[in-house]
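Visitor: Attaching a predicted model along with its sequence, questions to come.
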Amino acid sequence: MAALDNRILYPQPLIPGVGKSKNGSIHQPVGQPSADSFQKILDQKTLKFSSHALQRLSQRNISLGEAELGKLNEAVDRVARKGAKESLILMRDLALVVSVKNRTVITAVDGNAMKDNVFTNIDSAVVITE
């Protein structure tokens, strides 16, 4: 006959990265996420503009609205999934060269300056339509 066990068992909460090994000991993750790592993840998703790109946008009196920035972010996400490193993104009469890895707009060219222009060092292109 089995001995009675009077213990009350509560289910253990699920904690990501924490689990029991085969010998029953609990493993804690080595490094706890910090505010720095959260900011790093957030920065990886944010599109940035180089000072050169900001200067070009200002010189050419080009401004991007929230909707355009959203489309630009989506375009960068799409080419990133395809493994692109440097991409030319065409939006209306605007051409943007983007470092996909760094999620940084490197330069911006408007319609007038785009004529007879050659874009080098790109491995992909995206055309954003309305």
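Guide: Good, I have the coordinates.
Visitor: pretty sure A80 is in a helix, no?
Guide: Yes. Per DSSP: H, G, I helix; E, B strand; the rest coil, A80 lies within a helix segment.
Visitor: Tell me the predicted confidence for it.
Guide: Listed pLDDT for A80 reads 94.
Visitor: Can you name the residues that contact A125?
Guide: With contact taken as C-beta atoms under 8 Å, 6 or more residues apart in numbering, A125 is in contact with 87-90. For every residue, glycine as well, the C-beta is placed using N, CA and C.
Visitor: separation between it and V98?
Guide: Using C-beta to C-beta, to the nearest Å, A125 is found at 11 Å from V98.
Visitor: so what sits against both of these two?
Guide: Residues touching both A125 and V98 comprise 87-89, with contact defined as C-beta under 8 Å, 6+ apart.
Visitor: This structure: strands as residue ranges?
Guide: Counting by DSSP state E, the segments of the chain that form strands are 19-20, 26-27, 48-49, 86-91, 94-99, 104-110, 124-128.
Visitor: I'd like the ones you listed as a markdown table, with distance to N61 appended.
Guide: Below are the strands of the chain laid out as a markdown table (distance: least, C-beta to C-beta, whole Å):
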| stretch | distance to N61 |
| --- | --- |
| strand 19-20 | 57 |
| strand 26-27 | 57 |
| strand 48-49 | 15 |
| strand 86-91 | 16 |
| strand 94-99 | 12 |
| strand 104-110 | 9 |
| strand 124-128 | 20 |
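Visitor: Cool, thanks, signing off.
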